[in-house]
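Peer 1: pasting the structure only:
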Ligand SMILES: O=P(O)(O)OC[C@@H](O)[C@@H](O)c1c[nH]c2ccccc12
């Protein structure tokens, strides 16, 4: 799909609304049993922890790795010491599939994140039934609608999920804090322009609260970038670098740098 410059988020939200309208209601089951991401990150603070992503393509890069066996990829991530596996389920822009999440969740014992643009409770029920233990809520998807953001956040928590709340700037970080989010992501990629800057993560560290967990997302490729964010952040979310690597073990190990 062609996306006009600066209009990505708008385009995907329109597409998402259509997708959700056609999505069947599922009777929601129990959340898969694994450790809590929050607890794991609170107790594993010596090294920067890695959330490793299964992503075949993206709107900014096009195809990243479409031939890959995602279940094998996820198992390699787990074996290499990832704290969680993130699985893209958006079919149109990321060549994802809810079935990837199901297959991967069945094959690993660590937490799995449903990486999608979640705007409706139906998607949360579907995530649980596909084995996710964490969902993503992107503050930018709820332009000025804190009520909707809170409704979905509370709904997910009430069902036993953990929620990664994604922010990009100070106003969004303030909204995540107001929500009471405990696991907060800072995306280095601007979802409107696709511009990536690690400075974005670094600028927000001064506003972090000691009781929360913070994840720096996107644009992290190796030790150099990992070290830049290692002091302020508990973990990083890495997709492209791992999907393009022919040695997942060494690529992931290189990212788990010491923290002070
Ligand atoms: O491939 P990268 O640059 O390592 O980025 C991973 C992850 O942060 C990125 O996929 C992402 C962050 N937030 C998102 C929201 C939707 C879709 C994708 C994303």
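Peer 2: Received the coordinates, thanks. Keep in mind it's a predicted model, so treat the numbers as computed, not measured.
Peer 1: list the contacts of residue 194.
Peer 2: 8, 59-60 (Cβ atoms under 8 Å, 6 or more residues apart in numbering). Yep, even glycine has a C-beta here, placed from its N, CA and C like the rest.
Peer 1: what do you get if the cut-off is 6 Å, keeping everything else the same?
Peer 2: residue 60 (Cβ atoms under 6 Å, 6 or more residues apart in numbering).
Peer 1: which pLDDT value goes with it?
Peer 2: At residue 194, the model reports a pLDDT of 85.
Peer 1: and if you look at residue 5?
Peer 2: pLDDT for residue 5: 63.
Peer 1: okay, the nearest residue to residue 221 once chain neighbours are set aside and residue 208: tell me how far apart.
Peer 2: Excluding the flanking residues, the one nearest residue 221 by Cβ to Cβ, 6 or more residues apart in numbering is residue 241, at 4.3 Å. As for residue 241, its distance to residue 208 is 24 Å (criterion: Cβ to Cβ, to the nearest Å).
Peer 1: if we can go back for a sec, give me the neighbour count for the residue nearest to residue 221.
Peer 2: 19 (other Cβ atoms under 10 Å).
Peer 1: on the three-state scheme, it is what?
Peer 2: helix (DSSP: H, G, I helix; E, B strand; the rest coil).
Peer 1: quick one: it and residue 223 touch, right?
Peer 2: No - between residue 241 and residue 223 there is no contact under Cβ atoms under 6 Å: 10.9 Å.
Peer 1: is the ligand contacted by the longest helix along the chain?
Peer 2: With secondary structure taken from DSSP state H, the chain has its longest helix at helix 8-22. No - judged by Cβ under 6 Å from any ligand atom, helix 8-22 stays clear of the ligand, getting no closer than 8.4 Å.
Peer 1: which stretches in the chain count as helices?
Peer 2: So, for the chain - with DSSP H - the helices run 8-22, 37-43, 70-79, 91-94, 98-107, 121-129, 146-158, 170-179, 199-204, 223-229, 240-243, 248-255.
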